[in-house]
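Asks: the amino acid sequence is not available; the structure is as follows:
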């Protein structure tokens, strides 16, 4: 069962990026559902088309486990799940022109003005959808909020590579979600918009994130790491569009210190551990092998900031001794 879970649940931070979306099923059409909830829609899609490859991205680990159990029960070998922020996964993990279609069923409309940046109609979402779709591929969004459906319809259709193919109210669909059935029974209206990617140049993304475990920083000298790290708790730092905070520290039996870090790049948040290892001539600072964050600007900034703070402390202690 563990091996099956490792096959189905993909950890992008452990793989070479961009991801191999066809997972060895060369020539297969590849589809992705953003926010798969309990996995019912994704399960049925994959079950009806065993020759296609289906991906699901979801923030909730509980939803991921529910979807995994559905997939395992049906014996589906063409479904792959990722737990993470879909905006980030699209941007940093999915190759250009690799998807036949993207589904999004009843996403949160984030109606409050202060949350508007989280809507799919904001930021770079349109550009990323246009990038990952192959020419002729589609993006489909279904919502029960008319204002939100129209907002998405207008914003995405304004992208030069995306054209509005359909705008329907209560559209017939062979596969419906649990909430969709419930709302239709209540007499609530459902709004569907579908966009097609136009033919044109398939621009490739120039680069994807590297691996955080490949970044190591050395700070020369010997230090009282317990005193230093104890004073670090709660301190914050930032770079453009990224920020981090150092949390608790832990001492392992082998003398390695672990520092808990929370980093955020925009709305994408990661929790991980850094290691501080005192060696003969220096302290080595790196990402702990017990965690595997993406090497975002905030993660790199946290690593470098920790080394910088230790170096500044060392300089201050040296000056104090000279006095």
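Replies: Yes, it's here. Please read these numbers as outputs of a predicted model, since none were measured by experiment. Numbers count the residues shown, from 1 in each chain.

Asks: chain center to stretch 82-97: distance?
Replies: 6 Å (CA atoms, centre = their mean, to the nearest Å).

Asks: next: stretch 137-148.
Replies: Its chain's C-alpha centre and that of stretch 137-148 lie 21 Å apart, by CA atoms, centre = their mean.

Asks: in that stretch, what counts as buried?
Replies: 137-145, 148 (16 or more other CB atoms under 10 Å). All C-beta atoms are positioned from the backbone trio N, CA, C, and that covers glycine.

Asks: cool, stretch 73-83 as well?
Replies: 76, 78-83.

Asks: closest to residue 36 out of those?
Replies: Using CB to CB, residue 81 comes nearest to residue 36 of the buried residues of stretch 73-83, at 7.6 Å.

Asks: model confidence over the helix or strand containing the closest one, on average?
Replies: In this structure, residue 81 sits in strand 79-83 according to DSSP states H and E. The average pLDDT within strand 79-83 is 95.

Asks: and the helix or strand following that strand, which residues are buried?
Replies: Once strand 79-83 ends, the next helix or strand along the chain (criterion: DSSP H and E) is helix 86-93. Using 16+ other CB under 10 Å as the test for burial, helix 86-93 gives 86-93.

Asks: now residue 162: how far from residue 196?
Replies: 7 Å (CB to CB, to the nearest Å).

Asks: between the two, which is the more surrounded one?
Replies: Shown here are residue 162 and residue 196; by other CB atoms under 10 Å, residue 162 has more neighbours (21 against 18).

Asks: which ones are touching that one?
Replies: With contact set as CB atoms under 8 Å, 6 or more residues apart in numbering, residue 162 has these partners: 126, 129-130, 139, 156, 195-198.

Asks: follow-up on the earlier one: can you name the residues in contact with the strand holding residue 81?
Replies: 7-12, 23, 36, 42-43, 46, 53-61, 64, 67-68, 71, 89, 93.

Asks: so which of those residues belong to helices?
Replies: 7-8, 42-43, 46, 61, 64, 67-68, 71, 89, 93 (DSSP state H).

Asks: ok, the residue nearest to residue 125 when sequence neighbours are not counted - contacts?
Replies: In this structure, residue 125 finds its nearest non-sequential neighbour in residue 87, 6.5 Å apart by CB to CB, 6 or more residues apart in numbering. Residues near residue 87 by CB under 8 Å, 6+ apart: 123-125, 128, 266-268.

Asks: next one: residue 35
Replies: 57-59, 86, 104-107.

Asks: could you say which helix or strand holds the nearest residue to residue 290 once chain neighbours are set aside?
Replies: Of all residues not flanking residue 290 in the chain, residue 273 sits nearest, at 5.9 Å (CB to CB, 6+ apart). Element membership of residue 273, judged by DSSP H and E, is strand 268-278.

Asks: can you say which of the contacts of strand 79-83 are buried?
Replies: Buried among those by 16+ other CB under 10 Å: 8-10, 12, 23, 36, 42-43, 46, 53-58, 64, 67-68, 71, 89, 93.

Asks: thinking again about what came up before, could I get the buried residues of stretch 137-148 as CSV with pLDDT and secondary structure?
Replies: Conversion of these to CSV gives the following (pLDDT from 0 to 100; DSSP: H, G, I helix; E, B strand; the rest coil):
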residue, pLDDT, secondary structure
137, 97, strand
138, 97, strand
139, 97, strand
140, 97, strand
141, 96, strand
142, 95, strand
143, 94, strand
144, 92, coil
145, 92, coil
148, 93, helix
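
Asks: which one of the residues you listed sits closest to residue 114?
Replies: Using CB to CB, these come closest to residue 114 at residue 148, 16.1 Å.

Asks: the closest one contacts residue 120, correct?
Replies: No. Checked against CB atoms under 8 Å, the pair residue 148 and residue 120 is beyond contact range at 9.3 Å.

Asks: out of the buried residues of stretch 73-83, give me the two with the largest separation.
Replies: Between any two of those (CB to CB), the greatest distance is 18.9 Å, for 78 and 83.

Asks: quick one: the strands in the stretch 51-200 of the chain?
Replies: Counting by DSSP state E, counting those that start in this stretch, residue ranges of the strands within the stretch 51-200 of the chain are 53-58, 79-83, 99-105, 133-143, 162-169, 191-197.

Asks: closest one to residue 250 among those?
Replies: strand 79-83 (24.5 Å).

Asks: quick check, pLDDT for the closest residue to residue 198 other than its chain neighbours.
Replies: Closest residue to residue 198 apart from its sequence neighbours, by CB to CB, 6+ apart: residue 161 at 5.2 Å. As predicted, residue 161 sits at a pLDDT of 94.

Asks: so how far is residue 29 from residue 161?
Replies: For residue 161 relative to residue 29 (CB to CB), the value is 19 Å.

Asks: hang on, residue 131 packs against residue 96?
Replies: Yes. Taking contacts as CB under 8 Å, residue 131 lies within contact range of residue 96: 5.1 Å.

Asks: and stretch 193-203, what's its mean pLDDT?
Replies: Computed over stretch 193-203, the average pLDDT equals 85.
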